[in-house]
Structure formats: C-alpha cells, structure tokens
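[1] following is a predicted model, sequence given first.
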Amino acid sequence: MVDRFEKFSLAIFEITRYWHKLAAEELSKYGLKGPHATYLTTLYRFKDGITAPQLSELCGKDKADVSRMMSIMEEKGLVIKESVGKNMYRGLLKLTEKGKLAAEQVRERVNLAVDLAGKGLSEEDRETFYNSLDLISSNLRTLSESGLPV
C-alpha cells in the first residue's frame, strides 16, 4: 500500500514540477509565469469572453488567484475586462489581439510538450491513462469534501 502511495505521489509531484518548469520557460517571453498557461489556453477557447467565476471553475483555481493572474495579464496587455451592461462586477474577460497571439503560441508549445511527454503511449494507453486520471481526480475531490471514512 505504501509503495503505491509513494509511487503515485512522486509521479504526480514530478509531472507537476516538470510541467511548471516547461511552462515557465515558454511564458517568460511574455513576462508571465507557468500558471498563466492554463488561463491563457482556457481564455483562448472562449472567444466571446468568460467571467472570472467561470474561469475559476474551469481552471480549478480560487477567485483570488484568478483576480491576481488576470491583473498581471491586464498589465501586460494580454487581457481586457469588458462590462456587461454597466456592471464591471460580472464583466467578461477576453484576450486582446496580443493575448490571442500569445495563447496561440503557448497552445502550440503545450501541444508539442504533451505529445512528446506521451511518446511511446498507444492511443488505447492514452485513453486509459486520461480516464484513470479523471476517475482518481474525481474520487479525491469527493474524499476531500466528505473526508476519509472512519
């Protein structure tokens, strides 16, 4: 049991560490850090904009992190917040033209990294892997909300 826990924990830690290192290298040219990659690629999918709460939910980040990251990206000229009616509170976050270019480049690099990271996996292995990750993530989310059984 401990062996599985250690193997799982170490693998997740290493994947996260190396992913953030690669993302940081790619995003440094925009004055951004690794975590911005998820925001850029998510915003890219929503051409008409997305609210901060929606972005928070989709990226699995808290609202304070979204606010900080969007502020940085606004300062860099990558994101704008447009009002809905006369209300900025539920405004839509959108990529600027500069942000769209950055997101396209990051998406290309991310796709390359994912392809190279999965080198040697068959399509069947890849499907099983992602299904397993989804199931483990869902189970851990449930456990973190309800607690471990006694």
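    Received it, and whenever you're ready, just let me know what you need. Residues are numbered from 1 along each chain as shown.
[2] buried sites along the lengthiest helix in the chain?
    What stands out as the longest helix in the chain, according to DSSP state H, is helix 2-27. Going by neighbour count (16 or more other CB atoms under 10 Å), the buried part of helix 2-27 is W19, L22, A23, E26, L27. The way it works is simple: take the backbone N, C-alpha and C, and place the C-beta from them, glycine included.
[3] who's in contact with C59?
    C59 makes contact with T38, Y39, T42, V66, according to CB atoms under 8 Å, 6 or more residues apart in numbering.
[4] hang on, the last one packs against L58?
    No. Counting by CB atoms under 8 Å, no contact exists between V66 and L58, whose distance comes to 9.9 Å.
[5] in terms of neighbours, single out the busier of these two.
    A side-by-side neighbour count of V66 and L58, using other CB atoms under 10 Å, places V66 first with 21 against 16.
[6] following the chain past the helix or strand containing that one, name the next helix or strand.
    Assigned by DSSP states H and E, V66 belongs to helix 63-75. As assigned by DSSP H and E, the chain's next helix or strand after helix 63-75 is strand 79-84.
[7] taking the centroid of the protein, which residue is nearest it?
    Residue closest to the average C-alpha location in the chain (CA atoms, centre = their mean): T38, at 2.8 Å.
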